[in-house]
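Visitor: sequence plus predicted model, see below.
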Amino acid sequence: EVQLVESGGALVQAGGSLRLSCATSGFSYDDYAVGWFRQAPGKEREGVACISSGHGDTYYADSVKGRFTISRDKAKNTVYLQMNSLKPEDTAVYYCYAEVVIMSRTYAYWGQGTQVTVSS
């Protein structure tokens, strides 16, 4: 069973840093892409960053490039999102996800989310 559990959300001042963690189980990073989405109040969920399966290429939304870094630790089965130079507009619930394509069909799994609040 695929499971994802986020942690690390907090209240932080603008300009500060935060690291989110996502403990995963039930799958291998060699087969599944992993990443982070976020959803602010009244807005649609948006992709923030992801790491491809296998080689682990990384991708970022333009709004976080140069400030956020996604990484994965295979030994600890954990995905991280290091967030620096935080802005009030980064305030959102952050969700970890895992995705796999099997026979042209995409399967996606989500964590419960962790709240990040950036004060100005």
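Guide: Nice, I can see it.

Visitor: residues touching residue 67, list them.
Guide: Contacts here follow C-beta atoms under 8 Å, 6 or more residues apart in numbering; on that basis residue 67 touches 83, 84, 85, 86. In this view, the C-beta of every residue, glycine as well, is placed from N, C-alpha and C.

Visitor: look up how far residue 10 lies from residue 41.
Guide: Using C-beta to C-beta, to the nearest Å, one gets 17 Å for the distance from residue 41 to residue 10.

Visitor: just to revisit the earlier point, farthest-apart pair in the contacts of residue 67, please.
Guide: 83 and 85 (8.2 Å; C-beta to C-beta).

Visitor: shared neighbours of the two, anything?
Guide: 17, 67.

Visitor: comparing the two, which shows the higher neighbour count?
Guide: The neighbour count for residue 83 versus residue 85, taken as other C-beta atoms under 10 Å, is higher for residue 83 (26 against 13).

Visitor: now do the contacts for the more buried one.
Guide: Contacts of residue 83 by C-beta under 8 Å, 6+ apart are 17, 18, 19, 20, 64, 67, 68, 90, 116.

Visitor: do that again at 10 Å, thanks
Guide: 8, 12, 16-20, 36, 48-49, 64, 67-70, 90, 94, 116, 118 (C-beta atoms under 10 Å, 6 or more residues apart in numbering).

Visitor: now the residues you listed: which count as buried?
Guide: By neighbour count, with 16 or more other C-beta atoms under 10 Å, those hold 12, 18, 20, 36, 48-49, 64, 68, 70, 90, 94, 116, 118 as buried.

Visitor: and residue 41 and residue 10? Which one has more around it.
Guide: Neighbours per residue, other C-beta under 10 Å: of residue 41 and residue 10, the larger number sits with residue 10, 14 against 7.

Visitor: ok, and the closest non-adjacent residue to the more buried one?
Guide: residue 18 (6.1 Å; C-beta to C-beta, 6 or more residues apart in numbering).
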